[in-house]
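**Student:** fold the following, please.
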Amino acid sequence: MRRRAHFASLFVAAIIATAASAQAPVPGISDSEHYGIHGPKFEAIARELLAKRRCKEADFKEVGGFWKSTEPGRPGQYFTYCGGMTLSNKIYVRVSTDKAEVVN
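**Tutor:** Residues are numbered from 1 along each chain as shown. I've put the predicted structure just below:
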């Protein structure tokens, strides 16, 4: 019985480790402004931008994740830069209570 319990605990640990590695944090995103509030949303949108090849991990490391926009007309929006620190490379993200979405 003890042996069976040991194998079961190893099996559960392997499942947990696999799930955790599948959702590993994107480097640089944890430096985002308000990460403590919007961390999972920032991580999800960063993965989306990486999957669509709009951004590279190095972009998030360089910029330090997402930053709250202070521009008029952009309430609740954050930004990052992907591909360079120019206006044409600025990506805005709208963050709501249940999701984050790219707005440009």
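
**Student:** in the protein, which spans are strands?
**Tutor:** Ranges of strands in the chain, per DSSP state E, are 67-68, 77-81, 90-95, 100-102.

**Student:** any idea how far the first one is from the chain center?
**Tutor:** What it means is strand 67-68. In terms of C-alpha atoms, centre = their mean, to the nearest Å, the centre of strand 67-68 is set 14 Å apart from its chain centre.

**Student:** worst-scoring helix or strand of the chain, pLDDT-wise?
**Tutor:** helix 2-22 (a mean of 43; mean pLDDT, DSSP states H and E).

**Student:** would you mind finding the most buried of the strands of the chain?
**Tutor:** Counting by mean count of other C-beta atoms under 10 Å, strand 77-81 has the highest mean neighbour count of these, with a mean of 20. C-beta coordinates here come from the backbone N, C-alpha and C atoms, glycine included.

**Student:** run me through the strand neighbours of it, direction for each.
**Tutor:** strand 67-68 (antiparallel), strand 90-95 (antiparallel) (DSSP bridges).

**Student:** and the average pLDDT for the longest one is what?
**Tutor:** To tie it back to what came earlier, the one meant is strand 90-95. Mean pLDDT, strand 90-95: 96.
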